[in-house]
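Undergrad: Model the following, please.
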Amino acid sequence: MTESIGKAGEGTLSEWERRIGDYGTLRLRLRTAEMLGLPARVCGVRNCRRTRSCLLVFTHNRLPLCYTMLTDEERKAHDEFFDFAGSVYEAAQCGHFGNLYRLLIDNPPEYHQAVTAIVRHALPPGHRAHGGLDAIDRIRAGLPPAAWSWKTRYGR
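TA: Next up is the predicted model:
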C-alpha cells in the first residue's frame, strides 16, 4: 500500500483507490496535503500559499502540485500517512463500524486525530460515517457514547 502514489503516477491505482473512486481519492489527497501544511510550506503557487489549501492538481495522476516538490524522505512519510487515511476512509465509507473501530482504536498511530479530521473533511457532507467518527473520538477520549435517536440523527 505504500506505493499508492507512485502507482497513480504510472497510471495504475492501488486496490483501495479503485474502490473509493476518483472523487474520494482526490479529496483525500487534497485534505492530506492541507493537514500536513504542504500548500503553505512548499507549494510554488502563490494563491495556494496564501489560502493554505491546494488549488492546483494535476489531472492525469490526481496529485497536488505541492506533492511533486517534496524530497524522497518527505514523500515516504506522506505516503504512509495517506495510505492510513485511505484505509480509514474506505472503512468509514463502507459503513461498517467494527472495521473503523479496529483501525482507529486497536492500533492507533500518533497521528490518529489528524487522520480522523482528514477523513471527516474528505467525506461528503451529511455522510453516515460522520456519526461513527464522532463516536470513535468520544470513545478514545474516555467519554460515554452520545445518546442517539432519530431526532438527533436527522435534525428533527
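Undergrad: From the chain's centroid, how far away is the longest helix along the chain?
TA: Criterion DSSP state H: the longest helix present in the chain is helix 72-94. Mean C-alpha position of helix 72-94 versus that of the full chain (Cα atoms, centre = their mean, to the nearest Å) differs by 7 Å.
Undergrad: which helices and strands sit right next to it?
TA: For helix 72-94, the packing partners by 3 or more Cβ pairs under 8 Å, 6 or more residues apart in numbering; DSSP states H and E come out as helix 4-9, helix 15-35, helix 97-101, helix 112-122, helix 129-141. Glycine gets a C-beta too; all of them are placed from N, C-alpha and C.
Undergrad: So which of these is nearest residue 71?
TA: helix 4-9 (14.1 Å; Cβ to Cβ).
Undergrad: Let me see the mean pLDDT of that closest one.
TA: Here helix 4-9 scores 45 as its mean pLDDT.
Undergrad: One more: stretch 104-122?
TA: Here the average pLDDT along stretch 104-122 is 79.
Undergrad: re the thing from before, how about CSV for the helices and strands packed on helix 72-94, with distance to residue 50 and mean neighbour count added?
TA: Shown next, in CSV, are those (distance: least, Cβ to Cβ, whole Å; neighbours: other Cβ atoms under 10 Å):
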stretch, distance to residue 50, mean neighbour count
helix 4-9, 26, 16
helix 15-35, 13, 19
helix 97-101, 35, 16
helix 112-122, 20, 20
helix 129-141, 29, 16
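Undergrad: now the longest helix of the chain and helix 112-122, what's the angle there?
TA: Using axes from the mean of the first three to the mean of the last three Cα atoms, to 10 degrees, the inter-axis angle of helix 72-94 relative to helix 112-122 is 60 degrees.
Undergrad: Between the helices and strands packed on helix 72-94, which one is closest to residue 88.
TA: Shortest distance between residue 88 and those, using Cβ to Cβ, is found for helix 112-122: 5.1 Å.
Undergrad: CA atoms of the closest one as PDB?
TA: Written as PDB, here are the backbone C-alpha positions of helix 112-122 (Å, rounded to 0.1, in the frame of the first residue of the first chain):
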ATOM      1  CA  HIS A 112      -4.800   9.300  14.800                       C
ATOM      2  CA  GLN A 113      -6.600  12.600  15.400                       C
ATOM      3  CA  ALA A 114      -5.200  14.100  12.200                       C
ATOM      4  CA  VAL A 115      -6.400  11.200  10.100                       C
ATOM      5  CA  THR A 116      -9.800  11.400  11.700                       C
ATOM      6  CA  ALA A 117     -10.000  15.100  10.700                       C
ATOM      7  CA  ILE A 118      -8.800  14.300   7.200                       C
ATOM      8  CA  VAL A 119     -11.400  11.600   6.700                       C
ATOM      9  CA  ARG A 120     -14.200  13.800   8.200                       C
ATOM     10  CA  HIS A 121     -13.500  16.600   5.700                       C
ATOM     11  CA  ALA A 122     -13.000  14.300   2.800                       C
END
